[in-house]
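Undergrad: quick one, structure for this:
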Amino acid sequence: MKQKRECVVLFARSARGEGSAKRILRSRRLFERSQRLIAEAVRSLPGVDLILSFVDRRDPCGETMAIAQRGSGFSERFHNAMCDAARLGYDRIVAIPIDVPELSGSHLQRALLALRESPFVLGPSPDGGVYLIGFHANAMPALEDISWNTNRVFAQLAQAMPLAGVIEPLADIDDASDVRALLSQHLLDPQLKALLRTMLNRAPAEREPVRCLQPRLLLSRLPARAPPLG
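TA: Alright, predicted model coming up:
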């Protein structure tokens, strides 16, 4: 019997690019921390691979596998990246961003466990978006009509995937107000709290050394278009 293969796709800009796109000052260390913790979390999950789907090549760390994002907009880039992961032979795929500081291995584990009972899984954000989308490769959802980057994303995805499991909500970081909102939480990791406070200070932060992983495979010559959804 064929062994099921699972992967987590980190669909993101580089840490520097994320901060620049969101116009959040002194945020690079936060996103570098998120990427590092995601890599460590995936390594702790037996039989699960990490794929970096990058929008630029300026990322300071290499991952086990990397796939360049292709397409003219978010929907097309995301669809192509998920198709690329499925073409690599993964049966269960979980996609996450880099801007959810509280995302941990336990959330990824719960999502993968949910995929054993359901063809889809969603991780909602308090603002109406999602921080996690998981699915079986043979049941890839149609994503063309989703109003990405709005407060209707979760509702539309839930309607498109009526059998989806739902894990606990987590907040993402889109601007400085999100940093302040996250900082107001009582049960927050002390290191994360100190980093968020540094971002809100006017003094420039000292850059934290980045521990990089060594890439074993770079996938950048996949076909210009992914196969259509079944």
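Undergrad: so what does residue 66 have for phi and psi?
TA: Note on residue 66: its backbone torsions stand at phi -140, psi 140 [degrees, to the nearest 10].
Undergrad: do the one 3 residues further on as well
TA: Summarising the backbone geometry of residue 69 under the convention degrees, to the nearest 10, its torsions are phi -70, psi 140.
Undergrad: you'd agree it is up against residue 81?
TA: Yes - taking C-beta atoms under 8 Å as the definition, residue 69 is a contact partner of residue 81 at 5.9 Å. Bear in mind the C-beta positions are built from the backbone N, C-alpha and C, glycine included.
Undergrad: show me the contact partners of stretch 112-127.
TA: Outside of stretch 112-127, the residues that reach it under the criterion C-beta atoms under 8 Å, 6 or more residues apart in numbering are 6, 45, 48, 92, 94, 96, 100, 107, 111, 130-136, 139, 141, 151, 154, 157-158, 161, 163-172, 174.
Undergrad: if you look at those residues, which of them are in strands?
TA: 6, 48, 92, 94, 96, 130-136, 165-166 (DSSP state E).
Undergrad: turn the residues you listed into a markdown table, including neighbour count and distance to residue 198.
TA: Below are those laid out as a markdown table (neighbours: other C-beta atoms under 10 Å; distance: C-beta to C-beta, whole Å):
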| residue | neighbour count | distance to residue 198 |
| --- | --- | --- |
| 6 | 22 | 35 |
| 48 | 20 | 32 |
| 92 | 21 | 37 |
| 94 | 25 | 30 |
| 96 | 26 | 24 |
| 130 | 24 | 28 |
| 131 | 22 | 23 |
| 132 | 23 | 27 |
| 133 | 26 | 31 |
| 134 | 27 | 33 |
| 135 | 22 | 37 |
| 136 | 19 | 41 |
| 165 | 19 | 36 |
| 166 | 17 | 33 |
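Undergrad: closest to residue 200 out of these?
TA: Here the nearest of the ones in strands among the contacts of stretch 112-127 to residue 200, counting by C-beta to C-beta, is residue 131; it sits at 22.0 Å.
Undergrad: quick one: the closest one from residue 121, how far?
TA: As defined by C-beta to C-beta, to the nearest Å, residue 131 lies at a distance of 12 Å from residue 121.
Undergrad: also residue 114?
TA: With distances taken as C-beta to C-beta, residue 114 is found 4 Å from residue 121.
Undergrad: how about residue 145?
TA: With distances taken as C-beta to C-beta, residue 145 is found 20 Å from residue 121.
Undergrad: other residues contacting stretch 77-94?
TA: Everything outside stretch 77-94 that qualifies as a contact, by C-beta under 8 Å, 6+ apart, is 4-9, 11, 49, 51, 53, 55, 65, 67, 69-71, 95, 108, 111-112, 115-116, 121, 132-138, 140, 143-144, 148, 219, 222, 225-227, 229.
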